[in-house]
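[1] Here is the input, now give the coordinates:
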Amino acid sequence: MKKVASLFFAAALATVVIGCGSSNTNTTPQNVTSSTVAVKAPAVISTTQASSANQRVFVGFSHAMDASTINSTNLSISGVNSSVSYDAKNRIAYMTPSVQLSTGATYGATVSKGVRDMNGVNLAGQFNFAFSTTPTVDTTPPTVINFSSGCVPANGPITVTFSEAIDSSTLSGSTFIVEGVTGTVSYDPVTHIASFTPNSPMTPGLTTTVIITTGITDLAGNHLGAGLPYGSQNFEFTITVCTTPPPTTFCSYSKGGYAGPGAPGQLLSNNYTTVFSSGLTIGINDAAGPQHDDFWTGDSTGLSALQTFLTSPALGASGALTVDATNPTATDSGNLPEQTAALTINVGLSGTGSDPAGFGNLVLHDTGTSLDGSTVSEILAAANKALAGGGLPDGFTFSDLNSLVDNINQSWDDCSQSDWGAAHLSVAAL
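    Numbering: from 1, shown residues only. Here you go, the predicted model:
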């Protein structure tokens, strides 16, 4: 989806999957009855899937959660005692192991059905995932690898992309400073993008300095800038507010586009290892047998295999993935795995270069399906859940879900909005 690099993207699911920040400081659950408003169950939309042994483990939620339920009873790492904290603004829970994890190991983690959102609605069911640790611990400070350039819209956002996952609790108006402007800061754990949104429109033509301070840390506690080319100093850049409103435009690409030469393929080639530094996963790595995920490593071999996979023929009827393979070229799950991989890339590359962040936050509407009102990131999470054998959204078949994800992938194909996209995706719920 984007013109230059970020995604997730990540994560993405560690690549994988999904996720996006939101501002919500209310800590008291609200009682909402089904007679007054349709209430959807919260979902896990992003998790740690690969990390250093000395990093915290994160879980991203689709809804603002009841903080009292985000605790060590409901979130746990198998065999390891952990404390749990919750960043309400960005809807991210963190598990901090009481002892350093082993290097080069795989751990299972669980989010129980006991967690609930601010409407008092519980997770639909227990969510299991797994993550692997690298052979060495993380002592490398995070860096800024991309930031808003050219003019920015009066309403923002101003974005910064980090080289790795950031501790969102260290992001605030005192560590992401726009001189002379007040606003809110949000963070997407999948794309590693922090966004500053002004409280009121900025003055067109205004030129001001943006300061990203060394108070920001990664999930291992390393401070931004320490020992790097800009020393222990803050990272600074200048932005100018557009004098005319720029059009709201996104970029997305079909699965075939990413596999071929030219703009989409080159976009993926240039940014894959940055955006998917830990690899790209579809399905959910639940550390169970058989595994329910397909995984591409973040090296050239993995990228080549992913590009092949995006145009490989589908074999057999749609269904849950039944194998855990490295560099797969085809599966027995129909086209949905390919479409899901493409959507992971599209969401992940959002928010870099000349394109705005937020493709994953677009909202589906007027399709007459149970996913109306869901964001693109939530739909991506539903597709991964289906591939992992966790069930389909109400009223959907695998074919239906594949068609929906395909339409989303082509909604801004080559940065031009499709008729379907214009009719069914909006920047806010209607």
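
[2] now the helices for this protein?
    255-259, 263-275, 300-309, 336-348, 376-387, 398-409, 419-424 (DSSP state H).

[3] Can you pull the poorly scored residue ranges out of this protein?
    1-39, 226-232, 245-248, 278, 284-301, 312-334, 351-355, 428-430 (pLDDT under 70).

[4] Outline the domain layout of it.
    144-241, 255-277+306-319+331-426 (automatic domain parsing).

[5] end-to-end on the first one?
    Taking CA to CA, to the nearest Å as the measure, domain 144-241 stretches 21 Å from start to finish.

[6] Same check on stretch 133-149?
    End-to-end for stretch 133-149, by CA to CA: 35 Å.

[7] got the domains of the chain as a markdown table, with mean neighbour count and distance to Val137 columns?
    C-beta coordinates here come from the backbone N, C-alpha and C atoms, glycine included. Shown next, in a markdown table, are the domains of the chain (neighbours: other CB atoms under 10 Å; distance: least, CB to CB, whole Å):
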| stretch | mean neighbour count | distance to Val137 |
| --- | --- | --- |
| domain 144-241 | 19 | 7 |
| domain 255-277+306-319+331-426 | 21 | 16 |
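
[8] Can you say which of the ones you listed is nearest to Thr133?
    domain 144-241 (11.4 Å; CB to CB).

[9] Just the CA coordinates for stretch 57-73, please, in PDB.
    Only the C-alpha atoms of stretch 57-73 are listed here, as PDB (Å, rounded to 0.1, in the frame of the first residue of the first chain):
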ATOM      1  CA  VAL A  57       5.800  -9.100  24.900                       C
ATOM      2  CA  PHE A  58       2.900  -7.100  23.500                       C
ATOM      3  CA  VAL A  59      -0.700  -7.800  22.700                       C
ATOM      4  CA  GLY A  60      -2.700  -5.300  20.700                       C
ATOM      5  CA  PHE A  61      -6.500  -5.200  21.000                       C
ATOM      6  CA  SER A  62      -9.200  -4.000  18.500                       C
ATOM      7  CA  HIS A  63     -11.200  -2.100  21.200                       C
ATOM      8  CA  ALA A  64     -10.500   0.000  24.300                       C
ATOM      9  CA  MET A  65     -10.200  -2.500  27.000                       C
ATOM     10  CA  ASP A  66     -11.300  -2.600  30.700                       C
ATOM     11  CA  ALA A  67      -7.900  -2.100  32.300                       C
ATOM     12  CA  SER A  68      -8.900  -4.100  35.400                       C
ATOM     13  CA  THR A  69      -9.100  -7.300  33.200                       C
ATOM     14  CA  ILE A  70      -5.600  -6.800  31.700                       C
ATOM     15  CA  ASN A  71      -3.700  -8.600  34.300                       C
ATOM     16  CA  SER A  72      -1.400 -11.600  34.900                       C
ATOM     17  CA  THR A  73      -4.400 -13.900  35.400                       C
END
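
[10] just to revisit the earlier point, can you list the helices of the chain in a markdown table and add distance to Tyr94?
    Formatted as a markdown table, the helices of the chain follow (distance: least, CB to CB, whole Å):
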| stretch | distance to Tyr94 |
| --- | --- |
| helix 255-259 | 32 |
| helix 263-275 | 22 |
| helix 300-309 | 28 |
| helix 336-348 | 21 |
| helix 376-387 | 19 |
| helix 398-409 | 30 |
| helix 419-424 | 35 |
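
[11] any idea how far Leu392 lies from Ala383?
    Distance, Leu392 to Ala383, using CB to CB, to the nearest Å: 9 Å.

[12] Check the contact lists of those two and give me the overlap.
    Taking CB atoms under 8 Å, 6 or more residues apart in numbering as the criterion, Leu392 and Ala383 both touch Leu401.

[13] Which stretches in the stretch 151-300 of the chain count as strands?
    For the stretch 151-300 of the chain, the strands defined by DSSP state E, counting those that start in this stretch cover 151-152, 158-162, 176-178, 183-188, 193-198, 207-212, 235-241, 280-282, 294-296.

[14] what's the closest of those strands to Leu364?
    strand 183-188 (18.7 Å).

[15] So which of the strands of the stretch 151-300 of the chain is nearest Thr48?
    Comparing the strands of the stretch 151-300 of the chain by CB to CB, strand 280-282 comes nearest, at 11.5 Å.

[16] mind checking how far that closest one is from the chain centre?
    Put simply, strand 280-282 sits 12 Å off its chain's centre (CA atoms, centre = their mean, to the nearest Å).

[17] ditto for stretch 180-196
    So, by CA atoms, centre = their mean, the centroid of stretch 180-196 is 13 Å from its chain's centroid.

[18] Could you do stretch 384-400 as well?
    The answer for stretch 384-400 is 20 Å, by CA atoms, centre = their mean.
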